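K.L.:
pasted the sequence and its predicted model underneath.
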Amino acid sequence: MTIVLDTGALIALDRGDRDTWSRLRTAFQNGDRVRVPAGVVGQAWRHPHRQVLLSRALKQSDEVPLDGSTARASGRLCGQTDTADVIDASVAVTVANSINRGAEVVLLTSDRRDLQTLLSALSASARVVDV
């Protein structure tokens, strides 16, 4: 299984949200892959010396680079869905790429509606969990 985290999930981890940490600990214990798009990290990373919990989570996660092809795919997705948040689009692209690799994907998000719109445009079916 692959777990993808959006900015809301990182903020929940940073604030010590017990449910989100429980899900993440279970994923790590099960050997699940945890993926975090780089733009998401940029949205949540503000005061590293105070973000010990977030740092701990990121050390065990795979950061997905926002490279040229991902940026272009995210921009196209925004154009296709008439949305503007390229970082949310990069989360959806990360989910779709994980599914294309044959993984069952769970998306932890605080932005269900927007992410489902983006995922739907990609025909990407993931289990969406609110944080």
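P.N.:
In hand now; what should we look at?
K.L.:
make it CA atoms for all contacts and neighbour counts henceforth
P.N.:
Noted.
K.L.:
surely L54 and G8 touch.
P.N.:
No: the criterion here is C-alpha atoms under 8 Å, and L54 misses it with G8 at 11.9 Å.
K.L.:
how about the nearest residue to L122, chain neighbours excluded?
P.N.:
Nearest residue to L122 in three dimensions, chain neighbours excluded: A96, at 7.0 Å (C-alpha to C-alpha, 6 or more residues apart in numbering).
K.L.:
strands along this protein, start to end?
P.N.:
Secondary structure of the chain (DSSP state E): strands at 2-5, 33-37, 62-64, 105-109, 127-130.
K.L.:
mind listing the helices for this protein?
P.N.:
7-14, 18-30, 38-44, 52-59, 68-81, 86-100, 112-121 (DSSP state H).
K.L.:
report all helices and strands that the first one contacts.
P.N.:
Counting contacts by 3 or more C-alpha pairs under 8 Å, 6 or more residues apart in numbering; DSSP states H and E, the secondary-structure elements packed against helix 7-14 are helix 18-30, helix 38-44, helix 52-59, strand 105-109.
K.L.:
which residues touch T94?
P.N.:
4, 35, 37, 64 (C-alpha atoms under 8 Å, 6 or more residues apart in numbering).
K.L.:
which pLDDT value belongs to it?
P.N.:
Model confidence at T94, given as pLDDT, is 98.
K.L.:
what's the distance between it and M1?
P.N.:
14 Å (C-alpha to C-alpha, to the nearest Å).
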